[in-house]
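S.K.: Provided below for reference: sequence and predicted model.
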Amino acid sequence: MTLEAKNLCFTYPCGRSVLQNLSLRVEGGERVGIFAPSGRGKTTLCKLLAGYEKPQSGQVLLDGKPLANYRGYCPVQLIWQHPEQVVDPRLTLGKTLREAGEPEERLVQALGIQPEWLSRYPAELSGGELQRFCIARALGPATRFVLADELSAMLDLVTQAQLWSFLVEETTRRGIGLVAVSHSAPLLDRVCTRRIEL
Amino acid sequence: MESKKQNAPLLQVQGLTVSFSRYAQGFRRVTLPGVRDLSFSLDEGELVAVVGASGSGKSLLAHRLLGILPHNAQVGGQVLYRGQPLDDRLAGKLRGHEIVLVPQNVSYLDPLMQVGEQVKGEKGDAQKASAALRRYGLGPEVEKMYPFQLSGGMARRMLIATAVQHTPSLVVADEPTPGLHPEAARRVLGHFKELAQAGAGVLLITHDLEAALEVADRVIVLYAGAAVEEAPAASFAAKELLQHPYTQALWQASPNHGFVPLPGTQPVGQLPAGCAFAPRCPKAGPECHEGAVAYEKRGAGYVRCLHSEGEQL
Amino acid sequence: MKQLLNHLRQPRTAALIRLLLAAAILLAVMIAGMACREQALATDFTRKNLAPCAEYLFGTDWMGRDMLTRTLSGLSLSIRIGVVTAAVSAVVALAAGVSAALLGRWADGALTWLIDLFMGIPHILLLVLISCACGRGFWGVTIGIVATHWMSLARLIRGEVMQLRQSGYVQVARKLGASPAAIAVRHILPGVLPQFFTGLVLLFPHAILHEASVTFLGFGLTSEQPAVGVILSESMQYLATGRWWLALLPGICLVAVVLLFELAGKSLAALWSVNAEQEAA
């Protein structure tokens, strides 16, 4: 499969333009690192590629078909930088994990999610633990591309190495394409097969 | 009064434990571990970093030093400021000019107040405020802006300017770099280094070990809220110079070194008996699971481990 | 014992106790008032105009009616009107707020305009008008209060739903293929329920005070009902002759009921907020 961005342009409602004519092509199984100073629209690019935002002009295509045409579970999943913003504080993490159906036991184990965490609420766990749930949730059977927006910027080095090693292994095994955004060049060098700068 | 305490360090923290409980959902409460049994001292001109996982309640340490803990926090241990017990009353007296906090969150800013006014504060001095802003590269045009118009780095520098305009002796910085690009983060950390070089004691509380190493003189590493090792920043040059297996694991997990992930997670809720790190520790023996482990001086630093055997600097 | 005390001191437990206490008192007043309705209407000219005493705690009026039972049944009526009006306004508000937020820009524009329109009219005027148009009495007052009280809660709920729709977890749920109905049930409704129930309880005092004031002005409940508004307006002519108890004691009781509802509403809010306590993480 191929995820392709064609001539993306994006301007904030306040009129500040962040992306101009950006094009990008990622194949399944590839790991692309995006490196850029802040304010260059890395997060915006991720949101466009995952269909959270619509570009003013240009297109995001998955296998040549506009991403917006895919109904239901989106094959392009975004893992956010701040996991505590994307889990419902009123639901137990077990429910959050099953938002899109029962997760594969293998994933849950590989991510080190402890069975007793499933009955807990988000306020009871730290960011590193919550991020494991967000990753498991984003790796449903229909996922073809994963975008990771600074997913470890708030985590300690050990957890960072754990989560990235898992993602590399899992995406390789399933032929999933990975787009990793980070401000850390050494990290991208470890994780990615190729690196682009915005 | 001052004379007999002259040799006392600026800040001395002895066996400090702070925890705080809050509601998770319904009537269910969780206790944030905060910090446990933390001891260190900080002198004028020094920059010491306390490094721990995010969301573990490290901020409680900062709040304790400033005397702004929520009333239902549980506190143990002792804090001395220039040899005097730093209780909430003394902290209240010194807060804002002698002891200052550079907060973690940009949400501490008032969104409806211009930058200049805000830095000056209620009874501050406008000239001092603009001088402080200028020192951090924020010119007169910035004074007229509102917080939402600032970039992340500018907002961070504004928080520093607010904190240091009265030349404090002790600066406590709580996670000052997240969300900043390495360049901006380096610049912000550089400003803390300058403050230390100008004679202030700076305590940097962060989750980012690598950033801390660029500026800190000494680094204290927390695991599950407890200090496991204190080491000079220079010890992080090689794994062999580090004492605690967790610190070594951190070192090896860095993308600059091995990117080796140690399996397992920090304990959540109930802590294991004995050493909290023992369940993940490659060196742990049965003795590690029994009873608390003491925090002992080892070479130039301290370590809490029965099996530390690293070389000493 | 010490543990129990400690437990009671925790903010949410304390809030729950306050809430239950307020609810119990209000319920007791409501039932007592319904039980003594007959006595409240009974006249006995052998005991007229008595000041408060051991036998008649609130005294009696010029027709020899016992003011305590009159006050109780008046408050009971007020509470019942309050329950009906607050519940109906809250449901109208929930429906309006949720549809404004979920049905798209057009519905939102129309509903926001309607809210602004209703809020723009001085509501006591609208209340009097509607109450008179519906033939006064219980239903006139109820419809009048509902029509004038749904807006602010509707606006609040609309805002809350809008905010929840923008939240990260709802955006992610959409990308995970959750249907709008599933999102509404799983994430949005549980998110607005606290606001809804708190708003509902805080509507009671408004409803009760407005019922009392329209009735006092003579546009609400008819004078054969032992309503607090009726009691107060009738007592006006006797105040000058020194019969202070006719207005003062029922008035104080009305204020007490209003405060109890406020207390219940605030406790409910404290009980339900996601982060009732300051976070220090």
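M.R.: Thanks, I have the structure now.
S.K.: pLDDT weak spots in the chain?
M.R.: I went with chain A, as the question did not name one. Applying pLDDT under 70 to chain A flags the ranges A:38-39.
S.K.: nope, chain C
M.R.: In the predicted model, chain C carries pLDDT under 70 at residues C:1-9, C:273-281.
S.K.: so what's B:Tyr295 up against?
M.R.: For B:Tyr295, the contact set (C-beta atoms under 8 Å, 6 or more residues apart in numbering or on different chains) comprises B:Asp37, B:Ser39, B:Ala227, B:Tyr302, B:Val303, B:Arg304. C-beta here means a position set from N, CA and C on the backbone, and glycine is covered the same way.
S.K.: does B:Val268 really touch A:Leu125, like I thought?
M.R.: Yes - the pair B:Val268 / A:Leu125 is scored as a contact, 6.1 Å apart, by C-beta atoms under 8 Å.
S.K.: Of these two, which one has the most company?
M.R.: Set B:Val268 next to A:Leu125 and count neighbours by other C-beta atoms under 10 Å in any protein chain shown: A:Leu125 wins out with 25 against 17.
S.K.: How about the contacts made by residue 112?
M.R.: Let's take chain A. Counted by C-beta under 8 Å, 6+ apart, A:Gly112 has contacts A:Arg132, A:Gln162, B:Pro263, B:Gly264, B:Thr265.
S.K.: The chain in question should be chain C.
M.R.: For C:Thr112, the contact set (C-beta under 8 Å, 6+ apart) comprises C:Ala100, C:Arg155, C:Arg158.
S.K.: you'd agree the last one is in a helix?
M.R.: In other words, C:Arg158. Yes - remark: C:Arg158 belongs to a helix, assigned using DSSP: H, G, I helix; E, B strand; the rest coil.
S.K.: Not counting sequence-adjacent ones, nearest residue to C:Phe197?
M.R.: In this structure, C:Phe197 finds its nearest non-sequential neighbour in C:Leu268, 5.9 Å apart by C-beta to C-beta, 6 or more residues apart in numbering or on different chains.
S.K.: Quickly find the element holding that neighbour.
M.R.: Following DSSP states H and E, one finds C:Leu268 within helix C:245-272.
S.K.: Give me the buried positions along that helix.
M.R.: The neighbour-count check on helix C:245-272 (16 or more other C-beta atoms under 10 Å in any protein chain shown) flags C:245-247, C:249-251, C:253-254, C:257-258, C:260-261, C:263-272 as buried.
S.K.: For it, name the packing helices and strands.
M.R.: helix C:11-35, helix C:67-102, helix C:189-217, helix C:228-239 (3 or more C-beta pairs under 8 Å, 6 or more residues apart in numbering or on different chains; DSSP states H and E).
S.K.: the inter-axis angle of the longest one versus helix C:228-239?
M.R.: In this case it means helix C:67-102. Angle, helix C:67-102 to helix C:228-239, by axes from the mean of the first three to the mean of the last three C-alpha atoms, to 10 degrees: 140 degrees.
S.K.: tell me the angle of helix C:67-102 relative to helix C:245-272?
M.R.: 40 degrees.
S.K.: tell me which parts of the stretch 151-300 of chain B are close to chain C?
M.R.: Neighbours of chain C within the stretch 151-300 of chain B, by C-beta under 8 Å from any C-beta of the partner chain: none found.
S.K.: Okay, strands next: where are they in the stretch 151-300 of chain B?
M.R.: Secondary structure of the stretch 151-300 of chain B (DSSP state E, counting those that start in this stretch): strands at B:170-174, B:201-206, B:218-223, B:226-232, B:296-298.
S.K.: To C:Phe118, which of those strands lies closest?
M.R.: Relative to C:Phe118, the nearest member of the strands of the stretch 151-300 of chain B by C-beta to C-beta is strand B:170-174, separated by 47.1 Å.
S.K.: do you know how far A:Thr92 is from chain B?
M.R.: 8 Å (C-beta to the nearest C-beta, to the nearest Å).
S.K.: out of everything not next to it in sequence, what's closest to residue 192?
M.R.: Just so you know, I chose chain A. When the adjacent residues along the chain are set aside, A:Cys192 lies closest to A:Gly33, with 3.5 Å between them (C-beta to C-beta, 6+ apart).
S.K.: Oops, wrong one, chain B.
M.R.: Distances taken as C-beta to C-beta, 6+ apart place B:Val202 nearest to B:Phe192, at 5.1 Å, with adjacent residues excluded.
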